[in-house]
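Chemist: Starting from these lines, generate the structure:
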Amino acid sequence: MRPGRAAELDVRRRQVRVVYSMRMRNEFTAIIEQDGQWFIGYCPEIPGANGQGKSPEECRQNLAEAVALILEDRREDALRGLPEEAKREVLIIE
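Modeler: Here you go, the predicted structure:
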């Protein structure tokens, strides 16, 4: 690999991530139930994604943050260890 190529690829990867996050729209199911004074939520499509709050809105927001964190973590895990020469592109699903 020529000098500077790794840096160019790193910049490109960051650009792809920004474009992906700006254009990608994900819709998931939020199941929210009341348990006493608390609202408890989970997302069946994303195992481990849970949220809670004193209101349905607070619960939904916490659940959305949990989903975003899990997806970002899974994306990073999936991309870790890819060969530098692997071609990466943005895939948009509408």
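
Chemist: wait, residue 38 sits on residue 55?
Modeler: No. With contacts counted by C-beta atoms under 8 Å, residue 38 stays clear of residue 55, the gap being 9.6 Å. C-betas here are computed from N, CA, C, even on glycine.

Chemist: Who has more neighbours out of those two?
Modeler: residue 38 (13 against 10; other C-beta atoms under 10 Å).

Chemist: Just give the nearest non-adjacent residue to the more buried one, would you?
Modeler: residue 52 (5.6 Å; C-beta to C-beta, 6 or more residues apart in numbering).

Chemist: Which residues outside stretch 34-46 are in contact with it?
Modeler: 28-33, 49-56, 58-60, 62-63, 66-67, 70-71 (C-beta atoms under 8 Å, 6 or more residues apart in numbering).

Chemist: Just the buried ones among the residues you listed, please.
Modeler: 30, 32, 49-53, 59-60, 62-63, 66-67, 70 (16 or more other C-beta atoms under 10 Å).

Chemist: For this protein, just list every one of the strands.
Modeler: Using DSSP state E, the strands of the chain run over 31-35, 38-42, 50-53.

Chemist: got these as TSV, with mean pLDDT columns?
Modeler: Listed next are these as TSV, based on pLDDT from 0 to 100:
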stretch	mean pLDDT
strand 31-35	98
strand 38-42	98
strand 50-53	98
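
Chemist: Columns distance to residue 84 on top of those strands, output as CSV?
Modeler: Output for those, formatted as CSV (distance: least, C-beta to C-beta, whole Å):
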stretch, distance to residue 84
strand 31-35, 41
strand 38-42, 38
strand 50-53, 37
